[in-house]
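Peer 1: Give me the fold of what follows.
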Amino acid sequence: MNKAIAEPKALSPLIRLDLDLPDGRHFEKIVRYPPGEWSAATDHADVRIGENRFTGDLHTYRIQANADEISVDVTLTGEVPPWRPATGYMLIGVDRSLEFAGLPSVPQGAATVTYSVDGERHETTGGGYHDHNWGNVGLMKVIHDWYWARGQAGPYSVIASCITSAEKYGYEPIPIFMLARDNVVVGDDPANVTFEREGIYTDQATGKPVAATTRYSYQDGEDRYVVSFTRTHDLSASRMIDTIKGVKRIAAKLAHFDGAYLRFVG
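Peer 2: Alright, predicted model coming up:
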């Protein structure tokens, strides 16, 4: 990231590296860098933060990152073509001047990975995904909450999300949905999507209400698809204020900032 999600005004580069190993070890790393150690190309994906690099061409990507005792080198090759919902932009506000955008460059891909922990090197392969989000406004100013998910089952790949706009914008729901079969998109019209939540509980770490199951129903003429995501365990549960330091953290507390981020396997 070139800016923190909770305070996106100043250039404040950071990398986040999460790694879950088969033996149960779990690592969450956040490393911050001076602004001068960040650079990015303007005509293709080539982002550098210190010695870390993320580069690609909408089909093949390479990610090289180091954080303390962890290092990763990933090559991701797209199987489902790049996709975006309409233009990829959500335009918010009466004058449509506030922008939040997303581009799933690799909705489903094949990954080859080399990773090291304390010098212990491993190689593996698996499925992969890559998207990129950006905008000109702090996310918490325009969005109240969102659910987002991706997955693969047999010949199907899916990206599904339901975003709820902030109170100022009427808690308007914004659905996003892409379903591909045999690497060909068969459904992506948000007007055809119905979103449901089930089994809502309070997360202990963040105090947030969370649905244990999210369901997306897609109706296109006589074709109907139902995609359900059911949580099995947490990968991450964190309060965004915990990533803010110093005086800004005090200011965030005084402003009752209570954003949180949770990630699940299901």
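
Peer 1: can you give me phi and psi for residue 42?
Peer 2: In this entry, residue 42 is assigned phi and psi values of phi -110, psi -10 (degrees, to the nearest 10).

Peer 1: Can you get me a residue count around it?
Peer 2: For residue 42, the neighbour count with other Cβ atoms under 10 Å is 5. In short, each C-beta sits where N, CA and C put it, glycine included.

Peer 1: Quick check: pLDDT value at it.
Peer 2: Among the per-residue scores, residue 42 shows a pLDDT of 93.

Peer 1: which ones are touching it?
Peer 2: Taking Cβ atoms under 8 Å, 6 or more residues apart in numbering as the definition of contact, residue 42 has no neighbours.

Peer 1: Residue 121 versus that one, what's the distance?
Peer 2: Taking Cβ to Cβ, to the nearest Å as the measure, residue 42 and residue 121 are separated by 35 Å.

Peer 1: What does the nearest residue to residue 182 once chain neighbours are set aside show for phi and psi?
Peer 2: By the measure of Cβ to Cβ, 6 or more residues apart in numbering, the closest residue to residue 182 outside its immediate chain neighbours is residue 155, 4.9 Å from it. When read as degrees, to the nearest 10, the backbone of residue 155 gives phi -80, psi 0.

Peer 1: Distance check, residue 155 against residue 224.
Peer 2: Relative to residue 224, residue 155 is positioned 17 Å away (Cβ to Cβ).

Peer 1: partners of residue 61 in the sheet?
Peer 2: On the basis of DSSP bridges, residue 61 is bridged to residue 56, residue 76.

Peer 1: wouldn't it be in contact with residue 54 here?
Peer 2: Yes. Counting by Cβ atoms under 8 Å, residue 61 touches residue 54, with 7.2 Å between them.

Peer 1: okay, and the common contacts of the two?
Peer 2: Counting by Cβ under 8 Å, 6+ apart, the shared contacts of residue 61 and residue 54 are residue 45.

Peer 1: Just confirm residue 191 is within a helix.
Peer 2: Yes. According to DSSP: H, G, I helix; E, B strand; the rest coil, the state of residue 191 is that of a helix.
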